[in-house]
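# Below are the sequence and a predicted model for it; my questions follow.
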Amino acid sequence: MAGLELKNLSKAYGNVEVLHDINLSIADGEFVVFVGPSGCGKSTLLRMIAGLEKISGGELMIGDKLSNALSPKQRNIAMVFQSYALYPQMTVAENMGFSLSLERRSKKEIAEKVHEAADALKLRPYLDRKPGQLSGGQRQRVAIGRAIVRNPQVFLLDEPLSNLDAALRSETRVEISELHQRMDTTMIYVTHDQVEAMTMADRIVVLNGGYIEQVGSPMELYNKPASEFVAGFIGSPKMNFVKGRLADAVGATTLGVRPEHFSLGQSDDAWEGTVTLVERLGHDTILYVKVPEAGVLTVSLNGQHDQNVGDTIYLRPKQEFIHKFNSEGRPIAA
C-alpha cells in the first residue's frame, strides 16, 4: 500500500491546458473519489496517476518515489475501467489469474490468489463460468478481482458502475466499499455521480474546468461548500438557487437553499408558491413549487404528504441552513 502526493500537476495537449496546478495529498489506505461534470479532467487525472497519460508539469509521488517517468507496470497500480474487457473464451478463474500467468507464477499461487479474491467478491460459485454466463454486476466484480490478485499499492477505478442498471449500481457500490474496508488499500475512484461520491468516499475531490474546486469529507462539502458550483453539484435533489430581490434582502447575489431545508408555514414572512408537480416516493414527497421572483423550487418533505398540483403553499427557508454567495460564486460568511 502507498499514499500519493500530487504537486502542481498539469496536463496540456499542445497549447490547450486541461488540468491546472493540481495539489493533493492522499493518505495510505484512504478512499478518495474524484467527481465532477463531463470534461472536468477527472479521468485524465486518474490516467496520469496510472501512467497512461504523460504528465506535462509538476510531480507525482507514489509512496516515497517520484513516479513521473515510471511505466504503468513499475508503479504497481491496478486500474479497473468502465468496460469489463474480459476474455470471453476464458473462465472467471482464468480471467482473474491471467496477469499472474503472464508473470509465470506457479499454478498453486495463482489458484490461491484467485480463490482469495473470489471469496472477497462473492465469486467462488462462478469460477468455472464464462463471462457470457454472468450478469453485468458479476462481470464487473471479475474485473475488480483481476486487479486484486496483483496485490497493487493503489487501486484506480474509472467509472466502473456506469454500465450497470440502478439496482446493480447500488449493490456493487456497497460491495466495493466493503472490499475497501477489508483490504485497507488506497483507492481512487472516478465518477460523475455525486451519490456514489457521497456514499463511498472518505474524501471527495470536486473538479471543475481542470481545477480543484474543493476537497473534503462528504459532509464537509454538503454543509460548507466552498463555491456555488460545489453547492449545486453535491446533494440530491440539487440545491435551489435564488437571485434578485429575495437574495438582495439577505445581502447576497445568490441565495442557496437545499430542497430538504424548507418548512411549510403560513403566509406571514413566507414565500407563496403554486405546486406544479408532485413526486410521491413513499419515504419522501418531492414538490416542485413555482414562486414569484424565485422560479420553480424543489422541496423535499420527509414522509407522505397530501399536496396536489395547483395547491397554494407557503415556504419558509430554515435560516440556519441558508447559503449565501457573492457575485463570484463564493460563500458569504454568516
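Structure received.

# Could you list the domains of this protein?
With domains defined by automatic domain parsing, the chain comprises 4-231, 237-325.

# residue ranges for the helices of the stretch 1-150 of the chain, please.
42-50, 92-102, 107-120, 136-148 (DSSP state H, counting those that start in this stretch).

# do the same with the stretch 151-300 of the chain
With DSSP H, counting those that start in this stretch, the ranges of helices along the stretch 151-300 of the chain come out as 166-183, 194-200, 218-223, 228-233, 245-248.

# related to what we said a few turns ago, can I get the helices of the stretch 1-150 of the chain in JSON lines including distance to Asp306?
C-beta coordinates here come from the backbone N, C-alpha and C atoms, glycine included. Output for those, formatted as JSON lines (distance: least, CB to CB, whole Å):
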{"stretch": "helix 42-50", "distance to Asp306": "42"}
{"stretch": "helix 92-102", "distance to Asp306": "51"}
{"stretch": "helix 107-120", "distance to Asp306": "48"}
{"stretch": "helix 136-148", "distance to Asp306": "38"}
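
# Ala117: neighbour count?
Using other CB atoms under 10 Å, Ala117 is surrounded by 25 other residues.

# how close does it sit to Val289?
50 Å (CB to CB, to the nearest Å).

# do Glu112 as well
60 Å.

# Give me the more crowded residue out of these two.
Set Glu112 next to Val289 and count neighbours by other CB under 10 Å: Val289 wins out with 26 against 14.

# which residue packs closest to that one, ignoring adjacent ones?
Gly273 (3.9 Å; CB to CB, 6 or more residues apart in numbering).

# Ok, Glu17 next?
Nearest residue to Glu17, sequence neighbours excluded (CB to CB, 6+ apart): Ser10, at 6.3 Å.

# how many neighbours does Leu66 have?
By other CB under 10 Å, the residues close to Leu66 number 12.

# Ok, the one 10 residues further on next?
Other residues within reach of Asn76, judged by other CB under 10 Å, total 17.

# shouldn't it be in contact with Ala147?
No: counting by CB atoms under 8 Å, Asn76 sits too far from Ala147 to count as a contact (11.5 Å).

# Identify the bridge partners of the residue nearest to Val289.
Listed by DSSP bridges, the beta-bridge partners for Gly273 are Ile313.

# Please tell me how far the closest residue to Arg141 other than its chain neighbours sits from His283.
The shortest distance from Arg141 to any non-neighbouring residue, by CB to CB, 6+ apart, is to Leu121 (4.5 Å). According to CB to CB, Leu121 and His283 sit 30 Å apart.

# who's more crowded, these two?
Per other CB under 10 Å, whichever of Leu121 and His283 has more neighbours is Leu121, with 22 against 7.

# give me every residue that touches the more buried one.
The contact partners of Leu121, taken as CB atoms under 8 Å, 6 or more residues apart in numbering, are 141-142, 144-145, 148, 175, 179.

# now do 7 Å
By CB atoms under 7 Å, 6 or more residues apart in numbering, Leu121 lies in contact with 141, 144-145.

# Closest one of those to Gly235?
Ile144 (28.3 Å; CB to CB).

# count of neighbours near that closest one?
Neighbours of Ile144 (other CB under 10 Å): 24.

# any idea how far Arg129 is from it?
Taken as CB to CB, the span from Ile144 to Arg129 is 16 Å.

# related to what we said a few turns ago, measure how buried the residue nearest to Val289 is and give me the count.
Using other CB under 10 Å, Gly273 has 22 other residues around it.

# With Asp269 instead?
8.

# returning to that earlier point: got a list of what the residue nearest to Val289 touches?
Gly273 neighbours (CB under 7 Å, 6+ apart): 289-291, 297, 313, 315.

# now swap in Val35 and tell me
Applying CB under 7 Å, 6+ apart, the residues near Val35 are 42, 191-192, 194, 197, 204, 206.

# how close does the closest residue to it other than its chain neighbours get to Val230?
In space, and not counting its chain neighbours, Val35 is closest to Ala197: 4.2 Å by CB to CB, 6+ apart. To Val230, Ala197 is 11 Å away according to CB to CB.

# Ok, Gln266 next?
From Gln266 to Val230 the distance is 34 Å (CB to CB).

# what's the closest non-adjacent residue to Ala27?
Gly3 (5.1 Å).

# ok, that neighbour to Ala197 distance?
If you measure Gly3 against Ala197 using CB to CB, the figure is 20 Å.

# re earlier: next one, pLDDT for the residue nearest to Glu17 please.
We have a pLDDT of 96 for Ser10.

# That one touches Val18, doesn't it?
No: using CB atoms under 7 Å, Ser10 is not in contact with Val18, being 8.6 Å away.
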